[in-house]
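Trainee: need coordinates for the following:
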Amino acid sequence: MSIFDTDDAIIGMVHLSSLPGSPGYDGNFDTIRTRALTDAHTLESGGVDAIMVENFGDSPFYRDDVPKHIVASMTRIVTELRQAVDCPLGVNILRNDAESALSIATAAGADFIRVNVHTGARLTDQGIIEGNAHETLRLRDQIDSDVKIFADIDVKHSAPVAERPLSELVDETLGRGRADGVVVSGVGTGHEVDTDLLESAVSARDETGSDAPVLVGSGTTGENVADLLEIADGAIVGTALKEGGETTNEVDEEKVSELVSRVHPEA
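Mentor: Numbering: from 1, shown residues only. Presented below is the predicted three-dimensional model:
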């Protein structure tokens, strides 16, 4: 994969605490940005191939249009992360604000975004979320951005509005949706992906004639990472790299190094 410079990319997560304006915000923004910088440095020191930052602590999430103060806070943090680390950097704005994620990533000099619902529709705790690929792709052209778009298939914490063959979902996401890659997850944060589903997504990608990467979006651990990357092209890893295996805890450099060594033993 060109932006990751490896065929087995490990993308470590920086999960932000509740930002200003969110119910869980504790009133100390400097603590949030300092923690984000610490986690990013730890991930890079541990050998990850890329880092993605998301507003994990902002639940309950806006469906597809976060307020301006969230965009401002994220832009500041992502800009500081871009200045602090050399590896590729990504942005995910929960629940599904692709336009804000793309704008932040472009302004801050990040490399990619994750979009939970890029095409089609999903039933979520925010209600029905519809993909806005038509708006996201046009915005990318309008602001002359080269940020890559990685879009989920059967995204976690959701259910399909109507059952459709996986091959159609992959084909439409990469074809008419023009995504640069697809993400396949388990049912929720930290839940392992169904390997049959993952293999089907890779097969469907291959049938389109595309070389777009297929990434694992949840549930990757030191124990299963080698097996998963025999199938997929990379993995987004969060919970397994945290102290005590808790998603909201700090990144544990020993866990990062151990997992990365399973994929890049020479690192």
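Trainee: how far away is Arg122 from His41?
Mentor: Separation of Arg122 from His41 (CB to CB, to the nearest Å): 35 Å. Using the backbone N, CA and C atoms, a C-beta is placed for each residue, glycine as well.
Trainee: neighbours of the residue nearest to Ile236 when sequence neighbours are not counted, just the number please.
Mentor: Leaving aside its sequence neighbours, Ile236 sits nearest to Ile11 (CB to CB, 6 or more residues apart in numbering; 4.6 Å). Neighbours of Ile11 under the rule other CB atoms under 10 Å: 28.
Trainee: Ile11 and Phe112, how far apart?
Mentor: The gap separating Ile11 from Phe112 is 9 Å, by CB to CB.
Trainee: ditto for Asp39
Mentor: Using CB to CB, Asp39 is found at 18 Å from Phe112.
Trainee: next: His264.
Mentor: On the measure of CB to CB, His264 and Phe112 end up 20 Å apart.
Trainee: what's the answer for Ala121, then?
Mentor: Distance of Ala121 to Phe112, given as CB to CB: 23 Å.
Trainee: what residue lies at the spatial centre of this structure?
Mentor: Arg114 (4.5 Å; CA atoms, centre = their mean).
Trainee: and the pLDDT at it?
Mentor: Predicted confidence (pLDDT) at Arg114: the value is 97.
Trainee: got it, and Gly188?
Mentor: Looking at Gly188, its pLDDT is 68.
Trainee: do the same with Glu168
Mentor: At Glu168, pLDDT is 93.
Trainee: confirm it sits in a helix?
Mentor: Yes - counting by DSSP: H, G, I helix; E, B strand; the rest coil, Glu168 falls inside a helix.
Trainee: gap between it and Ala201?
Mentor: From Glu168 over to Ala201 (counting by CB to CB), the distance is 12 Å.
Trainee: kindly report the same for Asp39.
Mentor: With distances taken as CB to CB, Asp39 is found 29 Å from Ala201.
Trainee: likewise for Ala107?
Mentor: Taking CB to CB, one finds Ala107 at 31 Å from Ala201.
Trainee: next one: Val184
Mentor: 5 Å.
Trainee: identify the contacts common to the two.
Mentor: 153, 214 (CB atoms under 8 Å, 6 or more residues apart in numbering).
Trainee: identify the contacts common to Ile11 and Phe112.
Mentor: Counting by CB under 8 Å, 6+ apart, the residues touching both Ile11 and Phe112 are 50, 52, 90.
Trainee: switch those over to a markdown table; also include pLDDT.
Mentor: Below are these laid out as a markdown table (pLDDT from 0 to 100):
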| residue | pLDDT |
| --- | --- |
| Ala50 | 98 |
| Met52 | 98 |
| Gly90 | 98 |
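Trainee: select from those residues every entry located in strands.
Mentor: Among the shared contacts of Ile11 and Phe112, DSSP state E puts 50, 52, 90 in strands.
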